[in-house]
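Undergrad: Would you be able to build a 3D model of this:
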Amino acid sequence: MTFKLTEKIYRDLFENSNDAMWVQDIAGNFIVVNKACKRLTGFGDDELLTKNVKEFLVGDALQLARDLRRSLIYQSEFNQPYQQQVVRKDGSVRIMKMSTSLVIIDGKPAGFQHVARDVTEEQSITEMLTEITNSSPIPTFVIDSNHRITYWNTALESLTGQRTSEMLGTRNQWQSFYQQSRPTLADLIIEGADESQFLKFYSGKYKPSNLMKGAYEAEDFFPVVAKTGRWLHITASPIKNSNGQIIAALEALQDITEEKRMQESMRFYVQLITRAQEEERKRLARDLHDDLSSSLLLLIQRLDSASPGPRSQSSTMKTNMEDLRAQAVEALEHVRRYVQNLRPRILDDLGLIASLEWMADDMQKQCNIQTRVSVQGGTKALSADTQLLLFRIAQEALSNIRRHSKATATEITIQVDDDNVIMTVSDNGCGFNVPALLEYLPGTGHLGIMGMTERAKLLGGSLEIKSSAGFGTTIVTRIPLHP
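TA: Purely as a prediction, here's the structure:
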């Protein structure tokens with residue numbers, strides 16, 4: 001009973017296999033065939049069992065079959081799996097990847113058992129990729145569905161120092177980029193990895209490609225590349241057959257080291273300029289406060305003392321003096337506001353939170369917009385540069401809300417954890433449609449937001465905008481505590 005059950009299972013596996021399977025006698029006549037074999041050849045069951053394998057082979061394919069037959073019978077070496085060409089019933093030629101074994105009965109060769117898979121489309125893609133990758137100046141490699149390297153072009157040889165002959169057929173693609181074995185982007189695509197896997201290996205450094213469905217991009221520094229390390233931008237994309245199955249993955253790499261160096265140099269100079277600008281703001285604020293504010297205050301006091309008594313004062317003179325004094329008081333208030341906007345002394349004296357609360361209070365008084373500040377976590381760990389940067393971003397955000405949002409309420413939230421400080425500025429205003437890339441913002445008139453983005457980058461941070469027409473705007477700034 002056990003034997004019959006095993007035989008039935010074997011028969012089911014044989015019949016329903018996706019790979020073509022058949023057994024032929026020693027002369028090449030078909031004895032047993034499965035469904036996939038019929039599909040591959042285009043012949044029905046009854047037709048195939050009257051055929052000889054020679055009828056499907058011509059030229060080099062027939063000679064290859066003879067060489068294989070001789071090697072198996074005389075037990076000489078023959079590399080398997082191997083590729084073979086088969087002529088179908090309709091005359092078309094298909095390429096198969098095959099494995100063949102000798103059938104022995106009573107100690108004598110009795111026939112051959114074959115397992116074959118149609119790889120015509122894969123071969124076509126292979127030839128196309130060979131031509132593309134070998135002539136491309138872009139470092140590129142391709143892995144198959146078993147994670148084995150099938151292409152490693154000349155440009156990638158130059159970048160990594162790994163020769164094509166050393167890499168083809170191996171699963172060592174990781175060695176050129178990492179110190180320990182781990183998947184590349186192409187490997188994750190082959191595996192059909194979910195979001196958690198991408199996060200595990202490329203957290204914060206990858207994104208789905210906008211150009212191709214199922215493709216991913218990543219950017220990182222690779223210390224083992226070219227001995228001194230290189231910054232690489234990676235694009236990995238799936239290669240599918242006509243049935244939509246992933247049969248390979250291509251990974252292309254762009255050396256962006258010089259671009260990164262230029263960005264770092266630019267960021268360094270922008271930091272210097274920003275610091276110089278803040279020092280100039282500080283000096284101007286001090287001069288305005290010490291000189292102009294003092295002069296206006298003295299003028300108000302002299303106007304008060306110069307005012308004649310009630311009996312000797314004409315109504316016209318009294319009115320003029322009161323107007324003059326009111327104008328002087330208003331000018332003093334303007335100067336004080338300019339001083340606070342340039343560089344509020346409260347930021348240097350009491351820190352970020354007190355400064356944000358002062359801005360919130362001023363927003364409420366001047367614009368009648370309800371503004372609230374909330375803090376989660378201690379802010380003592382924040383450096384002076386970080387506090388100044390967050391203050392300027394909040395200042396620009398509130399300015400945009402005041403001028404454009406038509407909001408009635410806004411909130412500033414500060415969250416500090418072990419690694420980052422996160423500032424969120426949100427409003428209930430009219431909002432706007434955020435473009436796909438922040439680089440498009442200047443073209444839509446949002447220069448202030450681009451300024452905030454660049455400020456966040458100065459300390460290795462990031463700025464995210466969430467908004468849509470009619471649903472308000474939220475700006476999230478994330479700054480690392482140890483950039």
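Undergrad: those strands in the stretch 51-200 of the chain, which residues are they?
TA: Secondary structure of the stretch 51-200 of the chain by DSSP state E, counting those that start in this stretch: the strands cover 82-87, 93-105, 108-118, 140-144, 149-152.
Undergrad: Quick check: closest non-adjacent residue to the most centrally placed residue in the chain.
TA: Geometric centre of the chain, nearest residue: Lys207, 2.2 Å, by Cα atoms, centre = their mean. Among residues not flanking Lys207 along the chain, Glu217 sits closest, at 5.7 Å (Cβ to Cβ, 6 or more residues apart in numbering). Just so you know, the C-beta spots here come from the backbone N, C-alpha and C atoms, and that holds for glycine as well.
Undergrad: in the helix or strand that neighbour falls within, what counts as buried?
TA: Here Glu217, judged by DSSP states H and E, is contained in strand 216-222. Of the residues in strand 216-222, those buried by neighbour count under the rule 16 or more other Cβ atoms under 10 Å are Tyr216, Glu217, Ala218, Phe222.
Undergrad: and which of those residues is nearest Asp349?
TA: The nearest member of those to Asp349, counting by Cβ to Cβ, is Ala218 at 44.6 Å.
Undergrad: Distance of Leu13 relative to Val115?
TA: Distance from Leu13 to Val115, counting by Cβ to Cβ, to the nearest Å: 12 Å.
Undergrad: The two: who's more crowded?
TA: Neighbours were tallied for Leu13 and for Val115 using other Cβ atoms under 10 Å; the higher tally belongs to Val115 (19 against 11).
Undergrad: can you pull the contacts of the more buried one?
TA: Asp19, Ala20, Met21, Met98, Ser99, Thr100 (Cβ atoms under 8 Å, 6 or more residues apart in numbering).
Undergrad: top of these by neighbour count?
TA: Among these, Ala20 has the most neighbours (other Cβ under 10 Å), with 23 neighbours.
Undergrad: The residue nearest to the centre of the chain falls within a strand, correct?
TA: Yes: Lys207: assigned to a strand according to DSSP: H, G, I helix; E, B strand; the rest coil.
Undergrad: Just give me the neighbour total for the nearest residue to Lys54 once chain neighbours are set aside.
TA: Excluding the flanking residues, the one nearest Lys54 by Cβ to Cβ, 6+ apart is Gly28, at 5.7 Å. Taking other Cβ under 10 Å as the criterion, the count of residues near Gly28 is 18.
Undergrad: What are the neighbouring residues in contact with Gly28?
TA: The neighbourhood of Gly28, defined by Cβ under 8 Å, 6+ apart, consists of Asn52, Val53, Lys54.
Undergrad: Only whichever of those are buried, select them in PyMOL.
TA: Buried residues within these, by 16+ other Cβ under 10 Å, are selected in PyMOL with:
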select buried, resi 53
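Undergrad: secondary structure element for Glu333?
TA: Counting by DSSP H and E, the element that carries Glu333 is helix 315-342.
Undergrad: contacts for stretch 184-201?
TA: Outside stretch 184-201, the residues within contact range by Cβ under 8 Å, 6+ apart are 141-143, 145, 147, 173-174, 177, 182-183, 202, 206, 214-216, 218, 234, 236-238, 246, 248-251.
Undergrad: In the stretch 201-350 of the chain, where is pLDDT below threshold?
TA: Counting by pLDDT under 70, the low-confidence segments of the stretch 201-350 of the chain come to 267, 270-271, 274, 277-283, 285-293, 305-314, 318, 336-344.
Undergrad: so who does Leu398 touch?
TA: Under the criterion of Cβ under 8 Å, 6+ apart, the neighbours of Leu398 are Met359, Met363, Thr371, Thr410, Val425.
Undergrad: From those residues, pick the one nearest Gln63.
TA: When the contacts of Leu398 are compared for distance to Gln63 (Cβ to Cβ), Val425 comes out closest, at 76.0 Å.
Undergrad: okay but the closest one is in contact with Gln395, surely?
TA: No: no contact is recorded between Val425 and Gln395 when judged using Cβ atoms under 8 Å, the distance being 10.1 Å.
Undergrad: So which of the two has more stuff around it?
TA: Between Val425 and Gln395, counted using other Cβ under 10 Å, the more crowded position is Val425 (24 against 16).
Undergrad: The more buried one falls within a helix, correct?
TA: No: looking at Val425 with three-state DSSP, it is strand, so not inside a helix.
Undergrad: Model confidence for it, exactly?
TA: Looking at Val425, its pLDDT is 95.
Undergrad: ok, now which ones touch it?
TA: Taking Cβ under 8 Å, 6+ apart as the contact definition, Val425 lies against Ile393, Ala394, Ala397, Leu398, Ile401, Thr410, Glu411, Ile412, Thr474, Ile475, Thr477.
Undergrad: beta partners of it?
TA: When assigned by DSSP bridges, Val425 has beta-bridge partners Ile412, Ile475.
Undergrad: got the end-to-end distance for stretch 234-247?
TA: Between the opening and closing residues of stretch 234-247 there is a gap of 20 Å (Cα to Cα, to the nearest Å).
Undergrad: where are the low-confidence patches of the stretch 1-150 of the chain?
TA: Regions of the stretch 1-150 of the chain meeting the criterion pLDDT under 70 cover residues 1-7, 126, 129-135.
Undergrad: Which stretches in it count as helices?
TA: Assignment of helices within the stretch 1-150 of the chain using DSSP state H, counting those that start in this stretch yields the ranges 2-16, 35-41, 45-48, 60-73, 120-135.
Undergrad: from these, which stretch is densest packed?
TA: Relative to the other members of the helices of the stretch 1-150 of the chain, helix 35-41 carries the highest mean neighbour count by mean count of other Cβ atoms under 10 Å, namely a mean of 19.
Undergrad: returning to what we had before: what's the closest of the contacts of Val425 to Arg163?
TA: Nearest to Arg163 out of the contacts of Val425 is Thr477 (Cβ to Cβ; 46.9 Å).
Undergrad: pLDDT score for the closest one?
TA: Reading off the model, Thr477 has pLDDT 93.
Undergrad: Give me the nearest residue to His482, chain neighbours excluded.
TA: Distances taken as Cβ to Cβ, 6+ apart put Asp419 closest to His482, at 7.6 Å, once the chain neighbours are dropped.
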